[in-house]
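Novice: Below are the sequence and a predicted model for it; my questions follow.
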Amino acid sequence: MSAPRIGVLALQGDVREHLRMLTDAGAEPFGLRRPAEVERCDGLLIPGGESTTIDKLSRIFEVRDPIRARLAEGMPAFGTCAGMIMLADRIRGGLPDQQTFGGLDVTVRRNAFGRQVDSFETELDVAGLAAPMHAVFIRAPWVDEVGEGVEVLASVDAGPAGQHPVVVRQGAVLASSFHPEFGGDDRLHRMFVDTVRAG
Ligand SMILES: NC(=O)CC[C@H](N)C(=O)O
């Protein structure tokens, strides 16, 4: 495949750093806002932001149904923070009418780390990466439950609440609770681009 075309969902949230990291990783990324653009994607990146807003805007912009359909067909995807929430099949702590795109067989808890450690940074060991990643967590979710076939690539020790997965992968779908685009480290983006390239 020539440079894979990766749509970065550009309804809300941080898009620019993702575009830059994907370009550096050898992809051809573009900001995705229109239903017709969903068909042009070899892969989809869903950035962080606010999952409730991304959910609402995805319906208003009419990209929700085409994205759901492509994910159900196995389109590779990478979700970060709110993007992880959007990929989760099940969420806790969502608004009553909040919906996700689905595709990742996990239960995700929104704003899981609570007020005291609302936002924090840490050096995180990620399976498959030789050295730890600098991980920036901003009102981040964590994963409560994973289905069969979901690999846990990294976990965080949340004290009395125990260990919780923060990087997971299921086939061609990758998700991280933190914002890899703010840590100056594009290794997860490269992992994703390699997955998209492998088809
Ligand atoms: N940095 C983020 O993406 C935060 C996610 C946000 N707390 C949500 O529920 O969508």
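Specialist: Perfect, I can see it now.

Novice: contacts and neighbour counts: CA atoms only from here.
Specialist: Will do.

Novice: Helix, strand, or coil at the residue nearest to the spatial centre of the chain?
Specialist: Residue closest to the average C-alpha location in the chain (C-alpha atoms, centre = their mean): residue 79, at 1.0 Å. Secondary structure, DSSP: H, G, I helix; E, B strand; the rest coil: residue 79 is strand.

Novice: And the strands in this protein, which stretches?
Specialist: 5-9, 28-32, 43-46, 77-80, 88-92, 104-109, 119-124, 133-138, 142-146, 151-157, 163-170, 173-176 (DSSP state E).

Novice: ok, residue 92 touching residue 106?
Specialist: No. If you go by C-alpha atoms under 8 Å, residue 92 and residue 106 don't touch, sitting 10.8 Å apart.

Novice: In the beta-sheet assignment, what are the partners of the residue nearest to the centre of the chain?
Specialist: residue 46, residue 175 (DSSP bridges).

Novice: that older thread, so which of residue 92 and residue 106 has more stuff around it?
Specialist: residue 106 (23 against 15; other C-alpha atoms under 10 Å).

Novice: bridging residues for the more buried one?
Specialist: residue 146.

Novice: got the residues of the chain near the ligand?
Specialist: Counting by C-alpha under 6 Å from any ligand atom, the chain comes close to the ligand at 48-52, 81-82, 110-111, 138-140.

Novice: ok, and the most crowded of those residues?
Specialist: residue 82 (31 neighbours).

Novice: In contact with the residue nearest to residue 114 when sequence neighbours are not counted, which residues are there?
Specialist: Nearest residue to residue 114, sequence neighbours excluded (C-alpha to C-alpha, 6 or more residues apart in numbering): residue 139, at 7.6 Å. If you count contacts by C-alpha atoms under 8 Å, 6 or more residues apart in numbering, residue 139 has them with 111-114, 118-119.

Novice: which of the residues you listed count as buried?
Specialist: Among the contacts of residue 139, those classed as buried by 16 or more other C-alpha atoms under 10 Å are 111-113.

Novice: Just to check, residue 127 is in contact with residue 154?
Specialist: Yes. Counting by C-alpha under 8 Å, residue 154 is a contact partner of residue 127 at 6.5 Å.

Novice: Looking at the two, which is more packed in?
Specialist: residue 154 (18 against 15).

Novice: List the contacts of the spatially most distant residue from the centre of the chain.
Specialist: Distance from the centre of the chain peaks at residue 160, with 26.0 Å (C-alpha atoms, centre = their mean). Residues counted as contacts of residue 160 (C-alpha under 8 Å, 6+ apart): none.
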